[in-house]
Each structure stands twice: as structure tokens, then as C-alpha cells.
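Engineer: model this:
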Amino acid sequence: MQEIIASLGLDALAASAPPSLGGRERPYVLLNMVSTADGRASISGRSGPISGPADRELFHGLRTAVDGVMAGAGTVRAERYGRIVRDESRRRLRRERGLSDEPLACIVSGRLELPCDIPLLADPAARVVILTPSAASLQGVAAQVDYVRAGSDGRLDLPAAFTELRERFAVRTLLCEGGPHLNTQLLLSGLVDELFLSLAPRLAGGDPAATGGALRILAGGEFDPPVGLELLSVLESESQLFLRYRVCS
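Structural biologist: Take a look at the predicted model:
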């Protein structure tokens with residue numbers, strides 16, 4: 001599993017400036033998702049049943065290499081997010097790479113429907129930034145929470161929010177962990193630079209109406225034309241494939 005991490009070049013990603021964005025002042029964005037061979041991104045509303053040991057190692061490996069980790073409010077609620085990097089050896093690795101002990105936790109939320117008992121928000125040592133168009137603030141949370149308020153009429157202006165993340169919080173590299181609707185919004189806005197896709201050797205089946213969960217890593221709007229991908233690397237561990245793509249603009 002360590003060979004997977006080494007082969008993906010995460011040390012280089014953490015140690016150097018991200019690739020050029022053509023003068024755009026926003027973070028370099030990595031999208032990390034796991035899917036079954038038949039396209040399911042979750043089972044019973046969670047991605048955990050799809051993951052294997054190597055995929056989890058990649059999940060944590062990516063978190064040790066970036067300045068910020070972002071997820072939509074629905075994903076944070078469903079997965080019960082806690083501190084982004086809890087293992088001391090991984091925190092030490094980040095320090096050796098010249099990074100802070102853990103990435104900035106970033107949550108995208110339109111209406112701030114986030115229970116205070118989510119472990120991330122209940123931890124006084126956690127640093128959280130919420131990207132929202134709302135003027136409201138969370139009450140009763142123990143975490144240190146800042147807000148990036150961008151947008152109007154209940155719609156978040158993602159490009160403006162990302163520019164503010166870069167300028168206010170020095171987030172050069174940002175890892176997005178879903179969910180499917182947020183992934184689609186990011187791609188439609190041209191804000192994803194790379195896709196890490198773990199393809200699990202499992203078939204889940206199920207009908208969207210019956211399962212009540214997202215069947216794919218994307219949900220919502222359709223791309224016209226489809227977004228192109230350039231394969232950067234492919235690795236294998238115990239029949240699980242790890243695909244790294246550049247997203248073509």
C-alpha cells in the first residue's frame with residue numbers, strides 16, 4: 001500500500017507549488033472518489049462499504065499532502081466527519097513537508113444545516129471554514145469556525161469562494177471528497193484540476209429510487225459536451241484500481 005502512495009507522487013504535490021492555473025488565484029483542486037465497478041459511489045448512504053485497505057491509505061495519504069480538505073454538508077453529516085488528520089505519525093509527516101499539522105476543514109453548505117454534534121464541529125481544536133451564501137452562523141459548536149460568504153439568493157458563488165480561500169487562508173491545494181452534487185457543481189464551474197478515482201472490485205446493483213442514495217460520483221446537471229479526462233497513472237492493489245486523471249479544460 002505504501003508503494004501506491006509513493007507512485008502517486010504525493011510528496012511532490014505537498015513539497016512544491018501546485019501546477020500553474022494560468023494566473024487564476026484559486027486553489028489547485030483534487031477530487032477523490034471511490035466507486036464500485038458498476039458505478040455505485042455509496043451503499044446505504046456511505047462510501048465506507050466500498051473502500052478497501054489500499055483505498056483508505058490513499059484517502060489518508062491525500063489528506064497529508066494538501067492545504068485544505070472540502071466536503072459538502074450532506075457528506076459531512078452522512079460520514080460523521082471528525083478531525084481531518086488524527087494520527088500523530090501523519091501529522092508529523094505534514095510538518096516534515098512544511099505543512100500545518102492538519103489541513104483546513106472546509107464545508108460547503110447552503111443553509112447551514114449542520115448538527116453541532118458532528119465530531120468535527122464538536123472538537124475545540126478543529127479549524128473549520130464554511131463556504132456559504134447564508135448570512136447566518138452556527139450556534140453551539142466547539143470548533144473554531146470561520147465563514148466564506150460568497151453568493152446571493154441562496155446560491156454559492158464557488159469561483160469567488162475559492163479565490164477567498166486562497167487569499168484569506170493560504171489554501172494552495174484543496175482536496176474535495178464529495179458528495180456527488182458538489183462534484184458536479186465544481187466540474188460545471190471548471191474548478192477541478194485532477195480526479196483520483198478508486199475503482200473497487202465489487203458490484204452493488206440497486207435502483208436509484210429503491211436505494212435512496214447516489215449511484216454515481218456525479219449527480220445533478222449534465223455536461224454538454226462531456227468533460228474530458230487525461231489518464232496520468234493507473235495502479236492496482238488486490239484487484240482495486242487507482243486511476244489518476246487530469247481534468248481537461
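Engineer: list the contacts of Glu177.
Structural biologist: Contact analysis of Glu177 by Cβ atoms under 8 Å, 6 or more residues apart in numbering lists 32-33, 69-71, 75. In short, each C-beta sits where N, CA and C put it, glycine included.
Engineer: ok, now Gln185?
Structural biologist: 158, 220-221.
Engineer: over to Phe242?
Structural biologist: 4, 8, 54-55, 58, 196-199, 233-236.
Engineer: so who does the residue positioned nearest the centre of the chain touch?
Structural biologist: Centroid check for the chain by Cα atoms, centre = their mean gives Cys176 as the closest residue, at 1.8 Å. Cys176 makes contact with 29-32, 70-71, 182-183, 186, 192, according to Cβ under 8 Å, 6+ apart.
Engineer: would you check how far apart it and Phe162 are?
Structural biologist: 11 Å (Cβ to Cβ, to the nearest Å).
Engineer: Glu79 touches Ser47, doesn't it?
Structural biologist: Yes: using Cβ atoms under 8 Å, Glu79 is in contact with Ser47, at 7.2 Å.
Engineer: looking at these two, which is more packed in?
Structural biologist: Per other Cβ atoms under 10 Å, whichever of Glu79 and Ser47 has more neighbours is Ser47, with 25 against 18.
Engineer: ok, which stretches of this protein are helices?
Structural biologist: 2-7, 10-15, 53-63, 73-79, 88-96, 119-122, 158-169, 180-188, 208-211 (DSSP state H).
Engineer: any buried residues in the fifth one, and which?
Structural biologist: Meaning helix 88-96. Residues of helix 88-96 classed as buried by neighbour count (16 or more other Cβ atoms under 10 Å): 90-91, 93-94.
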